[in-house]
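Enquirer: sequence below, structure please.
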Amino acid sequence: MTSPPEWRDALLATLRDDAGWERALATLHALDPAESAERIDARLAGTLVLLLGDPSRTRQRHAADALRRLVAHAPELAAALRAGLRALEPRLRWGAAYTLGHSGEPPAAELWPAVRETLAREDGDQRWAAAELTCELARHHRRVLDDVRSTAESGSPTMRRMLLYCLRDLEDPEMDRVALGRLDDEDVGVRLAALAALATVPAAAPPLAARIARLVAADPDPGVRRAAAATLGRLGLASDEVLEALRRAAEGPDASLARAAKGALGRLC
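Expert: Next up, the predicted model:
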C-alpha cells in the first residue's frame, strides 16, 4: 500500500469525481482498520462523513457500511461523525448517527436527537432503521427510555406509532399501560400499533381483553376491528365478553372481520 499521504491524496481525488464514490468505498473496504488512525486525518475524515448526506439511500448506506468498521480505530473519523450529529442537513445527521450506532460500540446517548427526529420521517426504511437503533439506545440509557415512553403518548402520530413498536420490541414493563392508553387514539395507525404491542403481552389480564373486545364492534375503522379480533385470539383469554364479541363479528356482514373473528375463536375454543 502507498504511504499515508499518497493514499489520502489519491482517495481525496477519487472523492472529487462525482462518479468515483464506488471506487472510494472499495478503497475504504480494503483498508485494514488497524491502519485507519494513521491514514484518516481530519481533512479526509470530514470529506468522508459528507458521503453520509448523499440523497441516494443506496449510496448513504454503502458509505455507512464502509465507515462504521473504521470508527473504533480512527479518532479523527469518530470526531467528524460526532460533529455530523449537529450538521444542518437532517440526512447527514441521520447518516452520522447510523454509522456511530453500528460501529461495534454501545451507542452513546448523544445519538438520540438525530435518531429521534428520524422516527418521524416519511422514509419508511429510515424510520425502521431508527426504531432499531432507538431500542439499542433505550437499553443503554435510561433517559432515552423515559423519552420513548413519554413520546409514545404525546408525540406526533408517526412518532407515537413507531415508539409503540419500540416498546413492544423492548418488552418494556410500561408497554401495557402506554399501549392501553392508545387504544382510543385519534390516529388509526397508532391504534393498530397499540394492538400489535398488546398482542405480545404474555399474561394479559381480563380487563385488557375486555377493552379490546369492545373495539371489535365499536371501532370506526374496519382494519382496527379486524386487528382487535386477531389480537383476542393471540391473548388467549376466553372470557364470556370476549367470546360474545367474536361470535357476533363472525356472524356479521363484514367478511374480512368475520374471518378474523373465526380464526380467533378457533384459537380460543
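
Enquirer: what ranges do the helices span in the stretch 1-150 of the chain?
Expert: Listed in chain order, the helices of the stretch 1-150 of the chain (DSSP state H, counting those that start in this stretch) span 4-16, 21-30, 36-39, 42-50, 57-68, 75-84, 90-101, 112-118, 124-140, 142-154.

Enquirer: of all the ones you listed, which one comes closest to L170?
Expert: Comparison of the helices of the stretch 1-150 of the chain against L170 by Cβ to Cβ identifies helix 124-140 as nearest, at 5.4 Å. The way it works is simple: take the backbone N, C-alpha and C, and place the C-beta from them, glycine included.

Enquirer: tell me the buried residues in that closest one?
Expert: Across helix 124-140, burial judged by 16 or more other Cβ atoms under 10 Å covers Q126, R127, A129, A130, A131, E132, L133, T134, C135, E136, L137, A138.

Enquirer: any idea how far it is from the chain center?
Expert: Relative to its chain's centre, helix 124-140 lies at 3 Å (Cα atoms, centre = their mean, to the nearest Å).

Enquirer: what is the nearest of the buried residues of helix 124-140 to A194?
Expert: Closest to A194, out of all of these and judged by Cβ to Cβ, is A131, at 15.5 Å.

Enquirer: which two in the buried residues of helix 124-140 are spaced the farthest apart?
Expert: Largest separation among the buried residues of helix 124-140 by Cβ to Cβ: Q126 and A138, giving 18.2 Å.

Enquirer: now the helices of the stretch 1-150 of the chain in a markdown table, with mean pLDDT?
Expert: Compiled in a markdown table, the helices of the stretch 1-150 of the chain are given as follows (pLDDT from 0 to 100):
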| stretch | mean pLDDT |
| --- | --- |
| helix 4-16 | 89 |
| helix 21-30 | 90 |
| helix 36-39 | 92 |
| helix 42-50 | 95 |
| helix 57-68 | 93 |
| helix 75-84 | 97 |
| helix 90-101 | 97 |
| helix 112-118 | 98 |
| helix 124-140 | 97 |
| helix 142-154 | 97 |
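
Enquirer: and the ones you listed, which is most packed in?
Expert: Highest mean neighbour count among the helices of the stretch 1-150 of the chain (mean count of other Cβ atoms under 10 Å): helix 90-101, with a mean of 24.

Enquirer: by contact count, what packs against that one?
Expert: Here helix 90-101 touches helix 42-50, helix 57-68, helix 75-84, helix 112-118, helix 124-140, going by 3 or more Cβ pairs under 8 Å, 6 or more residues apart in numbering; DSSP states H and E.

Enquirer: reformat those helices as CSV; add distance to E6.
Expert: Formatted as CSV, these follow (distance: least, Cβ to Cβ, whole Å):
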stretch, distance to E6
helix 42-50, 12
helix 57-68, 20
helix 75-84, 18
helix 112-118, 35
helix 124-140, 36
